[in-house]
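Engineer: Got a predicted model here, sequence first, then my questions.
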Amino acid sequence: MVAKLISGGLQTQFYLLTLSGFDTHANQVQKNDLLTGTHAELLKTLSDAVWAF
C-alpha cells in the first residue's frame, strides 16, 4: 500500500507500518524444525514485503 502511495505521487515524508504477532512463544517453532512455525511465518511475511518494496 505504501509503495502505491509513493508511486502515486503522495508527498508524505514518513510512513509507519506495523506487523503484529511477534510476541508469542506458543508455536514459535515446530518441534524438530526451526524453520517453520509462527515466528518463521511472520519473518517470511516481513521479508516478502521488504523484497517487494
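Structural biologist: Received, thanks. Numbers count the residues shown, from 1 in each chain.
Engineer: quick one: what helix or strand has the closest residue to Phe53 other than its chain neighbours in it?
Structural biologist: Once flanking residues are discounted, Phe53 sits nearest to Ala3: 5.4 Å by CB to CB, 6 or more residues apart in numbering. Yep, even glycine has a C-beta here, placed from its N, CA and C like the rest. Taking DSSP states H and E as the criterion, Ala3 maps to helix 2-7.
Engineer: what's next to that helix, contact-wise?
Structural biologist: Applying CB atoms under 8 Å, 6 or more residues apart in numbering, the contact partners of helix 2-7 are Thr12, Tyr15, Leu17, Ala52, Phe53.
Engineer: Output whichever helix or strand comes after that helix in PDB with nothing but the alpha carbons.
Structural biologist: Downstream of helix 2-7, the next assigned helix or strand under DSSP H and E is helix 38-52. This file holds the C-alpha atoms of helix 38-52, laid out as PDB (Å, rounded to 0.1, in the frame of the first residue of the first chain):
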ATOM      1  CA  THR A  38       4.500 -18.800  13.800                       C
ATOM      2  CA  HIS A  39       7.800 -16.800  14.100                       C
ATOM      3  CA  ALA A  40       9.200 -18.200  10.800                       C
ATOM      4  CA  GLU A  41       6.000 -17.300   9.000                       C
ATOM      5  CA  LEU A  42       6.000 -13.700  10.400                       C
ATOM      6  CA  LEU A  43       9.600 -13.300   9.300                       C
ATOM      7  CA  LYS A  44       8.700 -14.600   5.800                       C
ATOM      8  CA  THR A  45       5.900 -12.100   5.600                       C
ATOM      9  CA  LEU A  46       8.200  -9.300   6.600                       C
ATOM     10  CA  SER A  47      10.900 -10.500   4.200                       C
ATOM     11  CA  ASP A  48       8.500 -10.700   1.300                       C
ATOM     12  CA  ALA A  49       7.100  -7.200   2.000                       C
ATOM     13  CA  VAL A  50      10.600  -5.700   2.100                       C
ATOM     14  CA  TRP A  51      11.600  -7.500  -1.100                       C
ATOM     15  CA  ALA A  52       8.500  -6.400  -2.900                       C
END
